[in-house]
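Asks: just the structure for this:
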Amino acid sequence: MLGSLRSGTHRVCLLLTLAIVGVVALVIIACGAASDTASNSGTTTNGGGTSSTTKSQHFKVGQQVKVGDTYVVTVNSVKTDAGDDVFKPKDGNTFLIVDVSVKNVSSKEQDLSSLLQFTFKDSSGQKYDETIVSNATPPDGKIEAGDVSKGQLAYEVPAAQKSFTLAFEADIVSGGQTTWDLSV
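Replies: Sure thing, here's the model as predicted:
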């Protein structure tokens, strides 16, 4: 009885979360996403130094990357997670938790949606959808000008897979991605 109640509660929580994410996504699309457009060009900051980026350049964990005129994005860390009593990966899989910081460097409030603006793939090109785990909270929502939003993106991946990429798209309408190489 308790197991079926917990499973039903889990489903309701999952459906409610997905509905909220869907509404946020529709609001972002209806508002035309961020009014400031972004490009793949920008600067990176690593250890106090600044350098220009190119469209084909991939970044590493810890590098701060200026994406267009809107964001500075940092992938802070990547780790695996076995889950807990409520959220467990399927057999042979693990959760991968990517800790990110997103700073709004524009002069306007911006909307951030991890579901729409981040793309996660393995080395073969297989895309993975963001998943829900207890100890990961995405950095979604409004970010005031000059403010930072920090959070975790969670993905369920095969435990044997060790190489991934995480791409960030500042403006879902205009396109252009900035990519980090991730290894576990």
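Asks: in the protein, which helix or strand is least confident?
Replies: The weakest-scoring helix or strand in the chain, judged by mean pLDDT, DSSP states H and E, is strand 49-52 (a mean of 36).
Asks: give the next helix or strand downstream of that strand.
Replies: Downstream of strand 49-52, the next assigned helix or strand under DSSP states H and E is strand 58-59.
Asks: helices of the chain, start to end?
Replies: Using DSSP state H, the helices assigned to the chain run over residues 2-30, 114-117.
Asks: can I get the shortest one in PDB, CA atoms only?
Replies: Going back to what we said before, that points to helix 114-117. What follows is helix 114-117, C-alpha atoms only, in PDB (Å, rounded to 0.1, in the frame of the first residue of the first chain):
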ATOM      1  CA  SER A 114      17.300  24.900 -18.700                       C
ATOM      2  CA  LEU A 115      14.900  22.700 -20.700                       C
ATOM      3  CA  LEU A 116      15.000  25.000 -23.700                       C
ATOM      4  CA  GLN A 117      18.400  26.600 -23.500                       C
END
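Asks: quick check: mean pLDDT across it?
Replies: The average of the pLDDT scores along helix 114-117 is 96.
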